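Participant: any chance you could fold what I've pasted below:
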Amino acid sequence: MKISVVISTYNGEKYLEPQLESIRKQTVQPDQVLIFDDCSTDKTSRIAQAFIQKFNLTNWKVTINEHNKGWRKNFIDGIKSCNGDLIFTGDQDDIWRQDKIAVMSKIMQKNSNIQLLTSNYCELYENGKRKVGPWKNTKQLNQIKLQNNYFLIQSPGCTYCFRRSLAEICLKYWRSNYPHDALLWRFALFSNVLYTYTDDLIIWRKHATSAFSKESRDLKTITEKKKWLAVAESFNSDLKKFLKTDFSGEQRLQRKALKRVDYWILNRKKFYYQKNPLTGLKLAFYLDCYPRYRQYLGDWFLIYLKRK
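Facilitator: A predicted model of the protein is given here:
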């Protein structure tokens, strides 16, 4: 099996080299490492190019975009460019455990039914604090099964190993506002091919300047929440198309979940646009659809207290 690694970079000069070094020292080496720089204004691309030259990494390549695409399209174009049977996606500021590729590729080779495999991570905060998640480190292979809160992405894309066959299906449904990890996670979840290995195979840096942190802050406004609901609506529509066109298995549970989440999205949109407290109370019957229960109370806070 050929193995590809895709890394999206943008102004990551502070953290990039340790990540590249962690990939270079993998006990199982990838056949291809593609780094896509999204028009960084710092030394990120030069650091990557110098690193490749220093170690004569002939199967590594840096591509500098002609214009800034944003991290969503940058990752998607990177995935499209891969020729590996297995694809790993990585961020510019993480550090991979030396056996990450070895552990995950071995599991994928032994289990042909798995299309997307994730792992635990060790969060590293700027104050030095560390926290393992999202599951306990039991070193077990577990299937992630469909539930009504499928908009919750429990593992970030930097932990992913997936088959190109899954990527090819997902790319047919990609839209410019779909993150690659959300796309892969939900389509694998609806196909019953999503698994996780409960061991922390990466150090996941958590800092205020990351794209993840910025978007998490921005989402805590009424305007951004309305945009999120529109994206969720289109995602549900695409999942229905996927079941009809590209998935031939049993679909009863998937369609039941889609129908319930359709009602949840509809009522949540009404709550944000009409601000009717009765609609808000009705949403309490759909708590199982919220990615996290506290977001239900967050809706009330945004609508009646923050109002922005």
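
Participant: strands along the stretch 51-200 of the chain, start to end?
Facilitator: Ranges of strands within the stretch 51-200 of the chain are 60-64, 86-91, 95-96, 116-125, 130-133, 141-143, 161-163, 194-206, based on DSSP state E, counting those that start in this stretch.

Participant: a markdown table for these, including mean neighbour count, distance to residue 72 and mean pLDDT?
Facilitator: Any C-beta I mention is one placed from the backbone N, CA and C, and that applies to glycine too. Below are those laid out as a markdown table (neighbours: other C-beta atoms under 10 Å; distance: least, C-beta to C-beta, whole Å; pLDDT from 0 to 100):
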| stretch | mean neighbour count | distance to residue 72 | mean pLDDT |
| --- | --- | --- | --- |
| strand 60-64 | 18 | 16 | 98 |
| strand 86-91 | 24 | 12 | 97 |
| strand 95-96 | 22 | 22 | 98 |
| strand 116-125 | 21 | 18 | 96 |
| strand 130-133 | 13 | 23 | 94 |
| strand 141-143 | 13 | 27 | 98 |
| strand 161-163 | 25 | 17 | 98 |
| strand 194-206 | 21 | 19 | 96 |
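
Participant: indicate which one of the ones you listed is closest to residue 54.
Facilitator: Minimum separation from residue 54 across those (C-beta to C-beta) falls at strand 60-64, 11.0 Å.

Participant: give the other helices and strands that the closest one contacts.
Facilitator: Applying 3 or more C-beta pairs under 8 Å, 6 or more residues apart in numbering; DSSP states H and E, we find strand 60-64 packed against strand 32-37, helix 44-54.

Participant: what's the most buried one of these?
Facilitator: Mean neighbour counts were compared across the helices and strands packed on strand 60-64 using mean count of other C-beta atoms under 10 Å; the top stretch is strand 32-37, at a mean of 23.

Participant: neighbouring contacts of stretch 30-37?
Facilitator: 2-10, 23, 44-45, 48, 57, 59-65, 74-75, 77-78, 81-84, 88, 101 (C-beta atoms under 8 Å, 6 or more residues apart in numbering).

Participant: just the buried residues of these.
Facilitator: By neighbour count, with 16 or more other C-beta atoms under 10 Å, the contacts of stretch 30-37 hold 3-10, 23, 44-45, 48, 60, 62-65, 74-75, 77-78, 82, 84, 88, 101 as buried.

Participant: if we ignore the residues flanking it in sequence, what's nearest residue 173?
Facilitator: With C-beta to C-beta, 6 or more residues apart in numbering as the measure, residue 238 is the residue that lies nearest to residue 173, at 4.5 Å, once sequence neighbours are left out.

Participant: in helices, which of the contacts of stretch 30-37 appear?
Facilitator: 23, 44-45, 48, 74-75, 77-78, 81, 101 (DSSP state H).

Participant: so which of these is the closest to residue 231?
Facilitator: residue 75 (16.4 Å).

Participant: any weak-confidence spans in this structure?
Facilitator: Applying pLDDT under 70 to the chain flags residues 208-219, 307-308.

Participant: re earlier: same list (the strands of the stretch 51-200 of the chain) but as CSV, adding distance to residue 34.
Facilitator: Putting these into CSV (distance: least, C-beta to C-beta, whole Å) gives the following:
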stretch, distance to residue 34
strand 60-64, 6
strand 86-91, 10
strand 95-96, 16
strand 116-125, 19
strand 130-133, 28
strand 141-143, 28
strand 161-163, 15
strand 194-206, 18
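
Participant: how about the contacts made by the spatially most central residue of the chain?
Facilitator: The centroid of the chain falls nearest to residue 181 when counting by C-alpha atoms, centre = their mean (2.5 Å). If a contact means C-beta under 8 Å, 6+ apart, then residue 181 has 89, 153, 155-157, 160 as its contacts.
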